[in-house]
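Asks: Kindly generate the corresponding structure for this input.
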Amino acid sequence: MKTLTYIDKAAYLLLIVLFGFGIYFANTNLPYFDEVYTVEDGFIENGSAIFLLSSSLLLLYRLFKLFKHKDLLWKIGILAMSLVFFFGAGEEISWGQRIFNVESSQYFIENNAQGETNLHNLVVEDTKINKLIFSQLLTVVLVIYLIIAPFLYRKFDWVKKLANKFAVPIVQWHHTISFLTGTVLLLFISSNRKWEIYELAFSVIFLLIFINPFNKEIYAANS
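Replies: Prediction:
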């Protein structure tokens with residue numbers, strides 16, 4: 001495992017503090033945990049949006065910086081990831097709906113579990129999109145990306161070439177360990193609002209992955 005950078009240490013310290021307070025409040029003052037600590041539009045949710053947006057902007061910066069030095073597939077890969085994280089940031093704050101005091105359209109009022117202008121809270125024929133896609137599907141993707149892909153990348157040359165060609169950052173093992181640790185810590189929080197902290201951890205750790213992946217040569221001009 002590579003040595004943690006100062007950014008890694010600061011980010012993990014932040015998550016330790018946030019999880020620590022979250023576990024404390026959830027077990028001693030649940031109303032405070034639900035209505036203040038993890039409240040909608042609170043610092044936890046807004047923090048997630050900020051870190052997701054930071055990842056998107058970082059990837060976009062690298063796209064423009066290395067545009068002349070990279071082939072089409074690399075550009076497609078990094079642009080796609082940038083758009084995914086921009087979408088995630090927008091969804092997290094309902095695309096600024098509450099910030100700018102914009103009312104939802106009739107469609108979202110009738111089909112969104114929270115009456116907000118976002119996709120992840122949509123309900124289609126009694127099925128919550130958030131549960132189907134943003135929970136179940138995302139869980140499968142994270143297991144593949146965080147646990148399986150790093151092994152395959154290190155073992156098979158064709159996997160390494162494919163990942164590098166599409167600018168896919170490979171996690172360092174401390175990224176995987178931090179995700180698994182955060183998942184275990186959720187067991188100590190009974191409130192459904194615990195997922196707000198998990199989303200923040202997701203956004204922070206992915207930013208760390210983009211800043212310093214195992215295959216950081218994908219961000220070099222001569223690779």
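
Asks: C-terminal to the helix or strand bottoming out on mean pLDDT in the chain, what's the next element?
Replies: The helix or strand of the chain with the poorest confidence is helix 129-131; it has a mean of 61 (mean pLDDT, DSSP states H and E). Downstream of helix 129-131, the next assigned helix or strand under DSSP states H and E is helix 138-143.

Asks: what comes up buried for that next one?
Replies: Using 16 or more other C-beta atoms under 10 Å as the test for burial, helix 138-143 gives no buried residues. Placement of C-beta: from N, CA and C, glycine included.

Asks: Quick one: distance of that helix to the chain centre.
Replies: 12 Å (C-alpha atoms, centre = their mean, to the nearest Å).

Asks: likewise stretch 52-64?
Replies: Between the centre of stretch 52-64 and the centre of its chain there are 13 Å (C-alpha atoms, centre = their mean).

Asks: Show me which positions of that stretch end up buried.
Replies: Residues of stretch 52-64 classed as buried by neighbour count (16+ other C-beta under 10 Å): Leu52, Leu53, Ser54, Ser55, Ser56, Leu58, Leu59, Leu60, Arg62, Leu63.

Asks: One more: stretch 156-164?
Replies: Val159, Ala163, Asn164.

Asks: I'd like to know which of those are part of helices.
Replies: Val159, Ala163, Asn164 (DSSP state H).

Asks: what are the ranges of the helices in the protein?
Replies: Using DSSP H, helices in the chain cover 6-28, 30-32, 43-65, 72-92, 106-111, 129-131, 138-143, 149-155, 157-165, 173-185, 194-211.
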